[in-house]
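Participant: mind looking at a prediction? Sequence and model below.
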Amino acid sequence: MNPYRDRVDAGEVLAASVAEIVPDGADAVVLGLPRGGVPVAAAVARALGAPLDVLVVRKLGVPGSPEVAMGAIASVGGELAIVANDDLRERVAAYSGPDAWAEVLSHERVELERRVTEYRGDRPPLALEGRTVVLVDDGIATGATMRAAAAAARQLRPSRLIAASPVVLTGARAAVEASVDALICPWFPAAFLGVGQAYRDFTQTSDGEVRRLLS
């Protein structure tokens, strides 16, 4: 499979796959994981005729290697959900000290709360209870971010929880599938080093772009 042109192109391809699983007229809600997941989610929401919202998630990166996730946190309905890679967390504690996890968690929680306010303001989140919820990100590498999003969304009792992404690295597939009712992905590459390799244009999505799409 060739790389996606950009997140909009990836979202349109993903939307076709999601539409095969989520029937017309389903009471669905599409939640994008900021920031990069929101342009992808917007295309999926348009295809389904479903409302779009965000579920704010922050990766808990390894000190010195922030792209490597030792866990993730997510906010939904005012509650915090935490997912940890316990094996990696223990290795980080041995290498960086016993306070490394707490320090990263504290820092990322501040940023998570900032983004919730930045993107949603005073607008309450969409009701999820009894609805089909589609969680969308622009790519899944370790699965920690999507698993945290799924754990948070479960707290609001959706009838069905679906994870959807244009690209999922093979090592993350099983963990994500175990956390949701279905995983939808058109591309499971075996040899990628990172999600960015699946895109010709992987320019960072801005806060302004997220706000524009949500409006």
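Facilitator: Yes, it's here.

Participant: can you give me the helices in the protein?
Facilitator: If DSSP state H is used as the criterion, the helices of the chain fall at 7-21, 37-48, 86-96, 100-120, 144-154, 173-179, 207-214.

Participant: can you tell which of those helices is closest to residue 137?
Facilitator: Nearest to residue 137, of all these, is helix 37-48, at 3.9 Å by C-beta to C-beta. (Glycine included, C-beta is placed from N, CA and C.)

Participant: just to revisit the earlier point, mind putting the helices of the chain in a markdown table, distance to residue 165 and mean pLDDT included?
Facilitator: Listed next are those as a markdown table, based on distance: least, C-beta to C-beta, whole Å; pLDDT from 0 to 100:
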| stretch | distance to residue 165 | mean pLDDT |
| --- | --- | --- |
| helix 7-21 | 7 | 95 |
| helix 37-48 | 8 | 95 |
| helix 86-96 | 21 | 85 |
| helix 100-120 | 20 | 89 |
| helix 144-154 | 7 | 88 |
| helix 173-179 | 8 | 95 |
| helix 207-214 | 17 | 91 |
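
Participant: out of those helices, flag the one nearest residue 129.
Facilitator: helix 144-154 (10.7 Å).

Participant: next, the angle from that closest one to helix 37-48.
Facilitator: 50 degrees (axes from the mean of the first three to the mean of the last three C-alpha atoms, to 10 degrees).

Participant: longest strand in the protein, please.
Facilitator: Counting by DSSP state E, the longest strand found in the chain is strand 65-76.

Participant: parallel or antiparallel, list what pairs with it.
Facilitator: strand 56-62 (antiparallel), strand 79-84 (antiparallel) (DSSP bridges).

Participant: give me the number of residues near residue 94?
Facilitator: Other residues lying near residue 94 total 10 when counted by other C-beta atoms under 10 Å.

Participant: how close does it get to residue 149?
Facilitator: Distance from residue 94 to residue 149, counting by C-beta to C-beta, to the nearest Å: 29 Å.

Participant: residue 99 versus residue 199, what's the distance?
Facilitator: Distance from residue 199 to residue 99, by C-beta to C-beta: 36 Å.

Participant: so the two - more neighbours on which side?
Facilitator: It is residue 199, of residue 199 and residue 99, that has more neighbours when counted by other C-beta under 10 Å, with 20 against 10.

Participant: contact partners for the more buried one?
Facilitator: 3, 4, 5, 6, 7, 10, 138 (C-beta atoms under 8 Å, 6 or more residues apart in numbering).
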